[in-house]
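Visitor: Quick one: sequence plus predicted model below, questions after.
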Amino acid sequence: MSKNYILGVFDDEATLVDAFEKIKAKGILPVEVYSPYPVHEILIGMGKKTRITHAAFFYGLFAAIGILGFLTYAAVIDWPLRYGGKPFNSFPSFIVVTIVATILSITLLTLFTFSARAKIFPGKKAEIYHHRATDDKFVMVISKESIEKNEKDIQSIIKEHGEIE
Amino acid sequence: MEERFVVSNRFKLITYALMGIGVVSFALGFIFDAERTWANYLLNNYYFVSLAVGAAFFGAIQYITQSGWSAMFKRVPEAMAAYFPIAAVLFLIMFFGMHSIFEWTHEDVVQHDHLLQHKSPYLNIPFFFIRVVIFFAVWIIMSKLLRKLSLQEDEVGGMVYFEKSELYSKIFIFIIAFSFSLFSVDMLMSLDPHWFSTLFAGKSFIAGFMHANSIIALIVILLSRNGYFKQMNRSHLHDFTRYIFMASIVWGYFNFAEFMLIWYGNIPEETSWFVHRWHGAYKVLFFANIILNWGIPFLALMPRKTSRGKRYMFPVILLLIIGQYTELYYIIWPSTVHEAKFGLLEIGTFLGFAGLFSWVVGTTLAKASLVPKNHPYLEESIHHHF
């Protein structure tokens, strides 16, 4: 794997961001950057925009409406039954179920959406560039094709801030 | 990093004018409708004390969590907490209006009411004012102590003051949580002395905290519009919004939990409070309360774009200011005035108190450097970015 890629391994966020900006200034975009936690500069710098938050919001909206609708249909329209002297449409007690079930729906649907978009599925063989990527190291993967003649420059930039593996 | 807030003459004039409006409203109110005026007095008094308490709590948790981002703005909550001494005096003046506000102060009612007799060892006028004095004494002492450390830090520097402030803040939040819970029970829940709700104190506390957060953000936004806080960026605004957003959700949760359990349990002692508030204008206020304090902030402050821009935050904060008023009106009016009256008296007295509060905050901000000088997290705060 390392034949086609250069790996820059960094100890902390600041050095990673420094190196990233310098490499970007040369007009080269890394294939992928792995970090233990999200780094906003990298996210923006890689030109990646996530719409998963919007997806989650709409899942939540539709789940809430759907669950409330289902409870109303079941308890009021289809099979009205008096519980403890409460009216058929005991709206406040529906809300508790709605909140909990909405959270579950958002969590599962967002997970499935993410998995589908990232092409992750059970039994998939993991692509591991570096065994400590996303552990405690910040790893930048640069493809050799994109570098062309600048290889020396890139290597010196990485060495300045971290190490090459 | 010397940056001084100068109280402009225009600001002074406006606050004096507002205070004048307040004094005139109260004077006219006492002549025409004393009971309603005392209810107004209680509402506004509680309103601005809840802001001061919330601000003091905000300041304290910034120390405890060792937050970097807020170091630049810590003078604002400090200035809001400077309202305590004045509020103490205003609350003691309420002595003259106790009979107009609190049912349990009427001797003849208590004589015929077994439950009120049972509660009278706690709910009686001398002990009530002893509690008020104790609460305010503790709040004033603790907030002055933190303020003093903060000012000394400006002069001397070093980590000592920060560490001391952190220690005092840890003590302070326990005191605030306990005392403000009892305070809200005294001031608001005892208006209906037969009714009780265990969530009431928590709800009142989080309401105060939420609105204090929004007022802190409002003051910061207004100051930055007038050329102060030049290093403020959108990340700071985002953090303020997160505080408002978080507190708004917690408030919504508490408010709903309180209502839902009482509705479901259906015990007459507990439901009477809500039944009383379930017709006419109060029913509208019940929903307005939820929409203003939870619905609008929840939806409007959720997207990243709106939570980082002054243009979007400003109207939400204004609605929240109305929201806290709505909630207190909803709590106080049905048990004191018994009719949903709203007129010039309410507006005038609110403006008066708002003027007083602004004046206190403005003059306190002007007393020290607006941006603290030797705070250990100041650099982090200035370069805050995410």
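Guide: Alright, I've got the coordinates.
Visitor: alpha carbons only for contacts and neighbour counts from here, please
Guide: Fine.
Visitor: where do the helices sit along chain A?
Guide: Remark: helices assigned in chain A by DSSP state H are A:13-25, A:40-45, A:52-72, A:91-117, A:144-147, A:151-161.
Visitor: Can you list the buried residues in the helix or strand encompassing B:Leu285?
Guide: Applying DSSP states H and E as the criterion places B:Leu285 in helix B:281-290. Using 16 or more other Cα atoms under 10 Å in any protein chain shown as the test for burial, helix B:281-290 gives B:282-283, B:285-286, B:288-290.
Visitor: List the buried residues in stretch A:105-118.
Guide: Across stretch A:105-118, burial judged by 16+ other Cα under 10 Å covers A:105-106, A:109-110.
Visitor: which residue is nearest the centroid of chain A?
Guide: When Cα atoms, centre = their mean is applied to chain A, the residue found nearest the centroid is A:Phe114 (6.8 Å).
Visitor: And the pLDDT for it?
Guide: A:Phe114 carries a pLDDT value of 91.
Visitor: near chain B, which residues of chain A?
Guide: Residues of chain A found near chain B (Cα under 8 Å from any Cα of the partner chain) are A:40, A:92-93.
Visitor: in chain B, what spans have low per-residue confidence?
Guide: B:1-2 (pLDDT under 70).
Visitor: Look through it and report the residue furthest from the middle.
Guide: The C-alpha centroid of chain B is most remote from B:His112, which lies 36.0 Å away (Cα atoms, centre = their mean).
Visitor: re earlier: and which of the buried residues of helix B:281-290 is nearest B:Leu356?
Guide: The nearest member of the buried residues of helix B:281-290 to B:Leu356, counting by Cα to Cα, is B:Asn289 at 25.4 Å.
Visitor: quick one, what contacts residue 146?
Guide: Let's take chain A. By Cα atoms under 8 Å, 6 or more residues apart in numbering or on different chains, the contact set of A:Ser146 is A:28-29.
Visitor: my bad, the chain I had in mind was chain B
Guide: Contacts for B:Leu146 (Cα under 8 Å, 6+ apart) come out as B:165, B:168-169.
Visitor: What's the local residue count around the closest residue to B:Glu380 other than its chain neighbours?
Guide: Nearest residue to B:Glu380 in three dimensions, chain neighbours excluded: B:Gly68, at 5.6 Å (Cα to Cα, 6 or more residues apart in numbering or on different chains). With neighbours defined by other Cα atoms under 10 Å in any protein chain shown, the count for B:Gly68 comes to 19.
Visitor: tell me the SS of B:Gly68?
Guide: Under DSSP: H, G, I helix; E, B strand; the rest coil, B:Gly68 falls in the coil class.
Visitor: Pretty sure it sits against B:His383.
Guide: No: using Cα atoms under 8 Å, B:Gly68 makes no contact with B:His383, being 9.6 Å away.
Visitor: Contact partners for B:Glu35?
Guide: Counted by Cα under 8 Å, 6+ apart, B:Glu35 has contacts B:100-101, B:336-337.
Visitor: Figure out the helix or strand that it lives in.
Guide: Here B:Glu35 is assigned to helix B:34-64, by DSSP H and E.
Visitor: can you check B:Glu380 too?
Guide: Using DSSP H and E, B:Glu380 sits in helix B:378-382.
Visitor: got the CA coordinates for that helix in PDB?
Guide: C-alpha atoms of helix B:378-382 as PDB (Å, rounded to 0.1, in the frame of the first residue of the first chain):
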ATOM      1  CA  LEU B 378      -7.300  35.300  27.900                       C
ATOM      2  CA  GLU B 379      -5.100  34.300  24.800                       C
ATOM      3  CA  GLU B 380      -7.200  31.200  24.300                       C
ATOM      4  CA  SER B 381     -10.300  33.200  24.500                       C
ATOM      5  CA  ILE B 382      -9.100  35.800  21.900                       C
END
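Visitor: List the contacts of it.
Guide: B:68-72, B:231-232, B:372.
Visitor: For the buried ones among these, write the corresponding PyMOL selection.
Guide: Only the buried entries of the contacts of helix B:378-382 go into this PyMOL selection, using 16+ other Cα under 10 Å:
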select buried, chain B and resi 68+69+70+71+72+232+372
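Visitor: from the contacts of helix B:378-382, which is closest to A:Ala118?
Guide: Of all these, B:Trp69 has the smallest distance to A:Ala118: 33.8 Å, by Cα to Cα.
Visitor: Tell me how far that closest one lies from B:Ala217.
Guide: Look at B:Trp69 and B:Ala217: by Cα to Cα, to the nearest Å, they are 13 Å apart.
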